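Peer 1: Quick one, fold the following:
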Amino acid sequence: MANDTSAADGDYYDVLIVGELNHSETEQCPQYDAKTLSAQLLPPLYTTVFLLGLLDNCLVVLILVKYKRLRHVENVYFLNLAISNLCFLLTLPFWAHSASHGGLLDDSMCKILAALSSMGLHSEAFFNVLLTGKNYLVFFHVRNFSATSKMACGIITSVLAWIVAILVTLPEFLPYKSQMGLQSQEYKCFFSRPHFLPGDETFWKHFLTLKVNIVGLLVPSLVFIFCYMQMRITLRSRDRKYDLFKLVFAIMVVFLLMWGPYGMALLLSTFKERFSLQDCRSSYNLDRSVHITRIIAATHCCVNPLLYGLLDKAFRKYLCHLFYPCDNTPPPPTEDSAQDTSWGEHDHSTEV
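Peer 2: Take a look at the predicted model:
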């Protein structure tokens, strides 16, 4: 993640006091200490999120593969969304261990964790966009392809989404390395520009921050607003069942609500000079905001399966049957039930 590390571990903010004094004096601003909160909060929180997220995302993968068998495009996207969450989840135990034991990350581990976090965020954003776009096409009855062609398009778009996510992550994989903090005297994951890259360190911090906000948040937001504004207008004049639309809508809204504040805080912190926020109090509050919103955003990787359970009848049915099989007969992989519009049970978009 861009600027993922706490600003409290590195920089000082100097204020030059000029006035009635006979000579200039430099006052060192108070620095936000992220270590105390991280050491107390991150180990139990990230461990809980990791265990819960690992369980519920694996259940999603199991249900999709065992019962749904990926016969619909939406299910392919849901599967990849769960894999994106698992990529991000894998980093949480290491961050929790680093927070509680003083940071034991070497350069290679630092790069891998930063890359997995970034790839998890960007790939989830891409698959949210694909789900929203697919809903938009289904809603307006775009049927230019057969079911087989649509499945092929779903697989191709999924592969392309992962390729783009990896390419977008590459600039973030290179700059991170393990360094000792100025105050903590512990090795942590810091941003440091490699010598073979052009531009200075400030340029790359600005670039990575803009990349996270534009690619990971702004583009999904614009697609979401456009598609659902169009569908909302149509829904007012039509009586339709739209369980799948509500589910995808909730997934995108929760994603933006949990990651949006971090993106905004990161943007203001990185470009504080442009927003005239470089004074002591503003810098302190921005450092704290980036740290807290980053913790909140990291818990999102276990939320999507909870939304499936709350909003989707078909998922609850399969989940119940997984643990309490009725007469040892598994539910059929596809159903033509009008009420189960989610997870592709009655997906008119794939019917010819």
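
Peer 1: Just to check, Trp162 is in contact with Glu124?
Peer 2: No - Trp162 lies out of contact with Glu124 (CB atoms under 8 Å); the separation is 11.4 Å. For the C-beta atoms, the positions are set from N, CA and C on the backbone; glycine is no exception.

Peer 1: out of these two, which sits in the more crowded spot?
Peer 2: Per other CB atoms under 10 Å, whichever of Trp162 and Glu124 has more neighbours is Glu124, with 28 against 18.

Peer 1: Check the gap between the most centrally placed residue in the chain and Leu218 for me.
Peer 2: Central residue of the chain (CA atoms, centre = their mean): Leu121, 3.3 Å from the mean position. Distance of Leu121 to Leu218, given as CB to CB, to the nearest Å: 13 Å.

Peer 1: One more: Val60?
Peer 2: Taken as CB to CB, the span from Val60 to Leu218 is 27 Å.

Peer 1: residues contacting Ala157?
Peer 2: Careful, residue 157 is Thr; it's not Ala. Thr157 is in contact with Leu130, counting by CB atoms under 8 Å, 6 or more residues apart in numbering.

Peer 1: Now do Tyr67, the pLDDT please.
Peer 2: On pLDDT, Tyr67 comes in at 85.

Peer 1: Strands along the stretch 151-300 of the chain, start to end?
Peer 2: 176-180, 187-191 (DSSP state E, counting those that start in this stretch).

Peer 1: The ones you listed: lowest mean pLDDT?
Peer 2: strand 176-180 (a mean of 59).

Peer 1: Can you name the helix or strand that the closest residue to Ile155 other than its chain neighbours falls in?
Peer 2: In this structure, Ile155 finds its nearest non-sequential neighbour in Val76, 6.4 Å apart by CB to CB, 6 or more residues apart in numbering. Per DSSP states H and E, Val76 falls inside helix 73-89.

Peer 1: which helices and strands sit right next to that helix?
Peer 2: helix 34-63, helix 107-139, helix 147-173, helix 304-311 (3 or more CB pairs under 8 Å, 6 or more residues apart in numbering; DSSP states H and E).

Peer 1: and Tyr284, which of those is closest to it?
Peer 2: Among these, the nearest to Tyr284 by CB to CB is helix 34-63 (11.4 Å).
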